[in-house]
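**Q** Have a look at this prediction, sequence included:
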Amino acid sequence: MSHVAAIVARCQALFEDLNFTAAREWKEAAPGRIVVGFMPFYVPRELIHAAGGLALGVLGGGDQLEVIQGDAYYQSYICRIPRSTIELGVTSRLDFVDAMLFPSICDVIRNLSGMWKIMFPKVKSRYVDVPQNFSDAVGGSFYVSELGELRDILARLAGREITDDALRNSIAVYNENRALVREVYAFRARFPWKAPSAEVYLLMRAGMVLPVEEHSAMLRDYLDATAREERPRRDNSRVVVTGAFCEQPPLSLIKSIELAGCYIVDDDFMLVNRWEKSDVAADGDPLAALSHAYLHDSLETAAKYQPDQSKKGQWLIEAVQRSGAEGVIFASASFCDPALLERPMLQRALAARGIPYIAFKFAENSGQMQPIREQAGTFADSIKLWSAA
Amino acid sequence: MIHTAGIDVGTGAVKTVIFAVDGDSSTWLVRRTDRVRQRDPYKLAEESWLAALEEARLKPEDIAYVATTGEGESLTFHTGHFYSMTTHARGAIYLDPESRAALDVGALHGRAIRIDERGKVLSYKMTSQCASGSGQFLENISRYLGIAQDEIGALSKQGDSPEKVSGICAVLAETDVINMVSRGITAANILRGIHSSMADRLTKLLKTVGNVEGSVMMTGGLALDEGLVAAMQEAMAQEKVKLPVRNHPDSIYAGAIGAALWGAYRHHRLAAQSDPAQSDLARAA
């Protein structure tokens, strides 16, 4: 087995382990450690790290979990991630988690935070509100206050003070991780045949369950190993996949898109790994630095409010240009309100620039990939044969 | 001049072709059809590819672009993969430049593809997942009836009182056939009934892809089934679809032909773009 294959095999094992054994073992390895679960698309993980905790990304049950009890809590027109997350909870797969953070992504996840409080009263549940106003005086002061509250909650949970120094250190640790994540993405955009998207996806998923330092070492290792590995380059079309920032597509969907003749050169899977676009200031007031990064230096997604309508979709066009993509695939979870409501506006922005796109929906347990292959395959062909370039 | 290869990995057979392409002119050098017959199709495709190279007296590195289609995207030695509709469309134009639709009838499903004079897909429709309108179903029934595959077409044309089978579900269709056998319906009428049902479905597909201005080229494994072709002409007359339905002795190669020719096009296009990474593209080494 090559070194790349060994890294990917480790990531795959972590991805498939719905009992989160690695995180359990980390917690048991030393007394006083806490594990804080969080849902997509973003939480300030630095606060958890500074509390001596492990930030555990909970991204639903995927296609390996049979949802039995979770379905009882939601109507049929609600997406699958809250159902499978509840299933993870009621089947004791998350019984080692000390707190759960529910970011402001949509009504469903907000309501899930309330349900979690009722269903798991011993677990500290917190709805993480983020600013909708992007001025420092209004949204900034609000978010600093929110971050302060969260810091107090985590400190009480961990039984230790979260000092500014500890927080600044955590920011630096995550800055390093984000820089490596950006490097992996840049490498894939440049050499997509050397870093297949299924591999990159698993690598990023590993960051959801491993301590950040271990994940950074893994990213460094992968970059080094995959750059040296010879792999055949195919005549594929280069695409950006967008719309999957919350409920994750099955791994087979990502593989199907690439098998159908597309190289995925950018995506929005697990945005939390690279939410801040550049280093967060690791000096000065750490809460102000985190707030400033959210307001002025973070990625865009449908779940983040964009007050200037003229800028709608600009980030997607920039992603296309930055990655040298030839088209966009909108892949959104069924019933994902933020993604599906945003899509027409994004499509309009692409159409105005003559950037081709297709769209389809999935659920985290989608099993039938033939329609996806058909759409992605014909899209790749149309780019290769009929695009103006 | 360059050489390109097209490999169409189908459910029933692997078709491999090699072309010599010089500007707009192309010369067909090699064609091979290898029936899968419960073998590993990918291993078979590799064997077929090596045999085709030997026949053409070429080495893998002589081939500028190895294009796969059908289920061939997992072959390790391909340069690029094209979806079946794209390749059948191009193959139909190669076989008959007047084609403005391709009707691809393979082992697992049927597709109606409306195309323009360049072989660009304008619209398409395909049968659902159910195999009742497919070559695999026809092959199964003929085996149950003890009829060799190459006898199906001629025998079907002898049918004078066919009964149609279910066009929705292969299980229901097989039940229909069992009932017919028990009622003493002749094999000729059973086969013609199946062909008529398939033709009805395919004609409806053709009607849904939009206004076709030209002829319809049948491609895929069943394109040369004369019973199906006759049933198609009958069904189209009944549905008042005034389009000539044609086939070609090389219809079965349409996908592989299209792949090889699109591969040549891509090779030239990438070269024209002076893509610095063009030389890195996977070769069949």
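**A** Yep, that arrived. Worth saying up front: this structure is predicted, and the values here are computed from it rather than measured. Numbers count the residues shown, from 1 in each chain, chains lettered A, B, ... in the order given.
**Q** Identify the residues contacting residue A:115.
**A** Shown here is residue A:115, whose contacts under the criterion C-beta atoms under 8 Å, 6 or more residues apart in numbering or on different chains are A:73, A:86. Quick note: C-beta positions are derived from backbone N, CA and C, even for glycine.
**Q** so which helix or strand takes in residue B:18?
**A** With the criterion set as DSSP states H and E, the secondary-structure element containing residue B:18 is strand B:13-22.
**Q** can you pull the buried residues of that strand?
**A** The neighbour-count criterion (16 or more other C-beta atoms under 10 Å in any protein chain shown) identifies B:13-21 as the buried residues of strand B:13-22.
**Q** How about the contacts made by residue A:281?
**A** Each residue near residue A:281 by C-beta under 8 Å, 6+ apart is listed here: A:171, A:289, A:292-293.
**Q** So which of the residues you listed wins on neighbours?
**A** Top of these by neighbour number is residue A:171, holding 25 neighbours under the definition other C-beta atoms under 10 Å in any protein chain shown.
**Q** on that earlier part again, how about the strand holding residue B:18 and chain A, touching?
**A** No: against chain A, strand B:13-22 shows no contacts by C-beta under 8 Å from any C-beta of the partner chain, the least distance being 15.5 Å.
**Q** Parallel or antiparallel, list what pairs with that strand.
**A** Under the criterion DSSP bridges, strand B:13-22 sits next to strand B:2-9 (antiparallel), strand B:25-35 (antiparallel) in its sheet.
**Q** residue contacts, the residue most central in space within chain A?
**A** For chain A, the residue whose C-alpha lies nearest the mean C-alpha position (C-alpha atoms, centre = their mean) is residue A:270; its distance is 1.1 Å. Residues in contact with residue A:270, defined by C-beta under 8 Å, 6+ apart, are A:40, A:57, A:59, A:204-205, A:207-208, A:248.
**Q** now do 10 Å
**A** Contact criterion C-beta atoms under 10 Å, 6 or more residues apart in numbering or on different chains gives A:40-41, A:57, A:59, A:181, A:201, A:204-205, A:207-208, A:244-246, A:248 as the residues in contact with residue A:270.
**Q** quick revisit: and the strands paired with strand B:13-22 as JSON lines, adding mean pLDDT?
**A** As requested, the strands paired with strand B:13-22 are arranged in JSON lines below (pLDDT from 0 to 100):
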{"stretch": "strand B:2-9", "mean pLDDT": "97"}
{"stretch": "strand B:25-35", "mean pLDDT": "95"}
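**Q** any chance of those strands in TSV, plus mean neighbour count?
**A** Output for the strands paired with strand B:13-22, formatted as TSV (neighbours: other C-beta atoms under 10 Å in any protein chain shown):
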stretch	mean neighbour count
strand B:2-9	27
strand B:25-35	15
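**Q** okay, these in a markdown table with distance to residue B:215 next?
**A** As requested, these are exported to a markdown table (distance: least, C-beta to C-beta, whole Å):
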| stretch | distance to residue B:215 |
| --- | --- |
| strand B:2-9 | 22 |
| strand B:25-35 | 21 |
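**Q** Quick one: closest of those strands to residue A:334.
**A** Closest approach to residue A:334 among those is made by strand B:2-9 (31.6 Å; C-beta to C-beta).
**Q** could you dump that closest one to CSV, C-alpha only?
**A** Listed next in CSV are the C-alpha coordinates belonging to strand B:2-9 (Å, rounded to 0.1, in the frame of the first residue of the first chain):
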residue,chain,number,x,y,z
ILE,B,2,-2.8,10.7,-35.4
HIS,B,3,-4.4,7.5,-34.2
THR,B,4,-7.2,7.4,-31.8
ALA,B,5,-9.1,4.5,-30.2
GLY,B,6,-12.7,4.2,-28.9
ILE,B,7,-13.7,1.5,-26.5
ASP,B,8,-17.4,1.0,-25.7
VAL,B,9,-17.9,-1.2,-22.7
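**Q** who's in contact with the helix or strand where residue A:23 lies?
**A** Using DSSP H and E, the secondary-structure element containing residue A:23 is helix A:21-28. Contacts made with helix A:21-28 from outside it, assessed by C-beta under 10 Å, 6+ apart, are listed as A:10, A:13-14, A:17, A:20, A:33-35, A:37, A:53-57, A:93-98, A:206, A:208-211, A:214.
**Q** make it 7 Å
**A** Outside of helix A:21-28, the residues that reach it under the criterion C-beta atoms under 7 Å, 6 or more residues apart in numbering or on different chains are A:14, A:33, A:35, A:54, A:56, A:96, A:209-211.
**Q** Could you do stretch B:204-223 as well?
**A** By C-beta under 7 Å, 6+ apart, the surrounding residues in contact with stretch B:204-223 are B:10, B:12-13, B:88, B:91-92, B:95-96, B:98-107, B:110, B:112, B:114, B:122-125, B:127, B:135, B:228-229, B:239, B:241, B:243-248, B:251-252, B:254.
**Q** now do stretch A:74-86
**A** Under the contact criterion C-beta under 7 Å, 6+ apart, stretch A:74-86 has outside partners A:58, A:60-61, A:65, A:67, A:69-71, A:73, A:108-109, A:112, A:246-247, A:333-336, A:363-365.
**Q** can you dump the C-alpha coordinates of that stretch into PDB?
**A** Only the C-alpha atoms of stretch A:74-86 are listed here, as PDB (Å, rounded to 0.1, in the frame of the first residue of the first chain):
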ATOM      1  CA  TYR A  74     -39.400  15.400  11.600                       C
ATOM      2  CA  GLN A  75     -41.900  15.900   8.800                       C
ATOM      3  CA  SER A  76     -41.200  14.200   5.500                       C
ATOM      4  CA  TYR A  77     -40.400  17.500   3.900                       C
ATOM      5  CA  ILE A  78     -37.400  18.200   6.100                       C
ATOM      6  CA  CYS A  79     -33.800  17.300   5.100                       C
ATOM      7  CA  ARG A  80     -32.100  14.200   6.400                       C
ATOM      8  CA  ILE A  81     -29.200  15.500   8.500                       C
ATOM      9  CA  PRO A  82     -31.300  16.400  11.600                       C
ATOM     10  CA  ARG A  83     -33.000  13.000  11.500                       C
ATOM     11  CA  SER A  84     -29.700  11.100  11.400                       C
ATOM     12  CA  THR A  85     -28.200  13.400  14.000                       C
ATOM     13  CA  ILE A  86     -31.000  12.500  16.400                       C
END
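**Q** Taking the contacts of residue A:270 together, which two end up most distant?
**A** Of all pairs drawn from the contacts of residue A:270, the one with the largest separation by C-beta to C-beta is A:181 and A:246; the distance is 18.3 Å.
**Q** which one of these two has more residues nearby?
**A** Shown here are residue A:181 and residue A:246; by other C-beta under 10 Å, residue A:246 has more neighbours (31 against 23).
**Q** Would you quantify the distance from residue A:339 to chain B?
**A** Counting by C-beta to the nearest C-beta, to the nearest Å, the gap from residue A:339 to chain B is 26 Å.
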